[in-house]
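Asker: I need the structure of the sequence given here:
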Amino acid sequence: MDILKIVGIALIATFLALVVKEQKPNFAFLLVVFVGCTIFLYLIDQIYMIIHMIEKLAVNANVNMVYLETILKIIGIAYIAEFASQITKDAGQGAMAAKIEMAGKIFILAMAIPILTVLIETIIQMIPN
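Answerer: Numbering: from 1, shown residues only. Below is the predicted model of the structure:
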C-alpha cells in the first residue's frame, strides 16, 4: 500500500531529523521540508485521478464546469495554504503561519462569492411571492 510507503518515509525522516537536530538544526529542518515536498509530489498522481473522477461525475450530472473548477480551486487553495502553514510552523514561525492561513481563507471567500451568489439567487427564486 502506498500509505505504508509514505508513513515509512516520514517516520525515517522524523527519526533522522531528531538525531541530526542536536548537531545541525538547520539541516534537520531542510530534511523535513524536503521529505514533505517529496511526499506531496508523490501524491500528485492520486490528486490527478481524484480530479479526473470528479470531472467525469460532473459531466454526467450536467453540472456547469465553471462551478466545479471554482470548487476545485478552492480545495487547492485550502491544501496549499495548510501545507505552507505547517512548514512555517515547523520553522518556528507561528505568526507567519497564521498570516498564510488568513490569506488562504480570504482567497477562498473571494472565490466562493460567485457560487454563493448563484445559491442565494436560486433560493430566492424558490420562495413563493
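Asker: what about the helices in the chain?
Answerer: Here the chain has its helices, by DSSP state H, at 2-21, 25-42, 44-60, 65-90, 94-126.
Asker: which strands and helices sit next to the shortest one?
Answerer: Translated: helix 44-60. If you count contacts as 3 or more CB pairs under 8 Å, 6 or more residues apart in numbering; DSSP states H and E, helix 44-60 packs onto helix 65-90. C-betas here are computed from N, CA, C, even on glycine.
Asker: would you list the helices of the chain in JSON lines and tack on mean pLDDT?
Answerer: Putting those into JSON lines (pLDDT from 0 to 100) gives the following:
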{"stretch": "helix 2-21", "mean pLDDT": "92"}
{"stretch": "helix 25-42", "mean pLDDT": "91"}
{"stretch": "helix 44-60", "mean pLDDT": "91"}
{"stretch": "helix 65-90", "mean pLDDT": "92"}
{"stretch": "helix 94-126", "mean pLDDT": "93"}
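Asker: Mind putting those into JSON lines with mean neighbour count?
Answerer: Formatted as JSON lines, these follow (neighbours: other CB atoms under 10 Å):
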{"stretch": "helix 2-21", "mean neighbour count": "12"}
{"stretch": "helix 25-42", "mean neighbour count": "14"}
{"stretch": "helix 44-60", "mean neighbour count": "12"}
{"stretch": "helix 65-90", "mean neighbour count": "15"}
{"stretch": "helix 94-126", "mean neighbour count": "13"}
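Asker: just checking, residue 85 touches residue 97?
Answerer: Yes - with contact defined as CB atoms under 8 Å, residue 85 and residue 97 form a contacting pair (4.3 Å).
Asker: Next, show the common contact partners of these two.
Answerer: Common contact partners of residue 85 and residue 97 (CB atoms under 8 Å, 6 or more residues apart in numbering): none.
Asker: so residue 9 makes contact with residue 35?
Answerer: Yes - at 6.3 Å, residue 9 counts as touching residue 35 under the criterion of CB under 8 Å.
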